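Visitor: Generate coordinates for the sequence data below:
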Amino acid sequence: MYEHDGERYYIVDGHVHYWNAAPDNWVEGQEEYAKGWIECFYAYHGLGPEETHWPLEQYQRYDEDLMMRHLFDEGHVDVAIFQPTYLKQWYTEGFNTTERNAILADKYPDKFVLNTAWDPRDGDAGLEDLEAKVERWGMKGAKLYTAEWKGDSRGWSLKSDEAARYLEACQRLGVVNLHVHKGPTIWPLDKDAFDVSDVDFAATNFPGLNFIVEHVGLPRIEDFCFMATQEPNVYAGLAVVVGGLMHARPRMFAKVMGELMFWLGEDRIIFGSDYAIWEPRWQVEGFAAWQMPTGEDFSDYAPLTTQAKRKILGLNAARLYDLEVPGEFRIPEDESAVLAPS
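Guide: Have a look, this model is predicted:
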């Protein structure tokens, strides 16, 4: 729970990882890519406040105690949602797998929501694995990485017939929240594989599923917004938006938030720290205190109200995942949509 200016916030961090990118996990012959991947992450890490920067060795593989302290003891987070990314072409045990995340999710079930991942290129075996994971852990969500390399394939599309089989399985299994990575390119992945057009296609064909576009399609913010405003089951995931822009690029952050609020509104935006790219504390505190700048460049953007911040920082994700929010943090259904900015 976090309190700012007398307002109490229930915080759901919608995007966290428990990764292992240490050299002893690099696949032989793929060291260039494994090293380049985590060093690209580390460069993004530098966009946060200087006092939050880690040494690279710690960044490659951090332990349970550090993660629990950063998220829950210091970071104001009430519940965090794991978003796995496998990358087994470069990392022997995977970069950030469901199984690794489950180590903490099983130990702290009141603190973590465990999501899985799938890749349509895995065919029937992948569908069987998805069913087995859902049966074991009861997931309601999955992370999709359409740019992931697999053999000679350097990405896949939600428009494919193979992907449709998995989307149908998600409907049947209750895996209704699909977090699709569509954002800044991470070396050595290909920028084209992060295009948001396949989300548009899938969201229309599967209206019973929620598509949370992680990183809001950056840098294609206009493409994302004009698509998402027409697809009521598309949501904006703020991982990278807050961590990458709020401190280092405040004017761009204001533009992105202004566009998201105008086109999607306060009910379809989800906070995520992207831990351990960045720690949540400075993001939560900064976002709760943030105001839309004044001046001609921002005159067509509305202020961000206290109610909007409460929804974005936790209540929207809690709704998607059926989390039990204490009564003191809920917003009555008949409460006015316009509250004074905090």
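
Visitor: and residue 95, how many neighbours does it have?
Guide: Residue 95 is flanked by 23 other residues according to other CB atoms under 10 Å. Backbone N, C-alpha and C define where each C-beta goes, glycine included.

Visitor: Also the one 10 residues further on?
Guide: A count of neighbours around residue 105, defined by other CB under 10 Å, yields 21.

Visitor: Run a quick check on it versus residue 84, I expect a contact.
Guide: No - counting by CB atoms under 8 Å, residue 105 does not reach residue 84; the two are 10.7 Å apart.

Visitor: quick one: common contacting residues for the two?
Guide: Overlap between the neighbourhoods of residue 105 and residue 84 is empty, taking contacts as CB atoms under 8 Å, 6 or more residues apart in numbering.

Visitor: Need the CA coordinates for stretch 161-178. PDB is fine.
Guide: Listed next in PDB are the C-alpha coordinates belonging to stretch 161-178 (Å, rounded to 0.1, in the frame of the first residue of the first chain):
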ATOM      1  CA  ASP A 161      -3.200 -20.100 -38.200                       C
ATOM      2  CA  GLU A 162      -0.800 -21.700 -35.700                       C
ATOM      3  CA  ALA A 163      -1.300 -18.800 -33.300                       C
ATOM      4  CA  ALA A 164      -5.100 -19.100 -33.700                       C
ATOM      5  CA  ARG A 165      -4.900 -22.600 -32.300                       C
ATOM      6  CA  TYR A 166      -3.200 -21.300 -29.200                       C
ATOM      7  CA  LEU A 167      -5.600 -18.400 -28.800                       C
ATOM      8  CA  GLU A 168      -8.500 -20.900 -29.000                       C
ATOM      9  CA  ALA A 169      -6.800 -23.000 -26.300                       C
ATOM     10  CA  CYS A 170      -6.400 -19.900 -24.100                       C
ATOM     11  CA  GLN A 171     -10.200 -19.200 -24.400                       C
ATOM     12  CA  ARG A 172     -10.900 -22.800 -23.400                       C
ATOM     13  CA  LEU A 173      -8.400 -22.900 -20.500                       C
ATOM     14  CA  GLY A 174      -9.300 -19.500 -19.100                       C
ATOM     15  CA  VAL A 175      -5.900 -17.900 -19.900                       C
ATOM     16  CA  VAL A 176      -7.700 -14.700 -20.800                       C
ATOM     17  CA  ASN A 177      -5.000 -12.000 -20.300                       C
ATOM     18  CA  LEU A 178      -2.400 -12.100 -23.100                       C
END
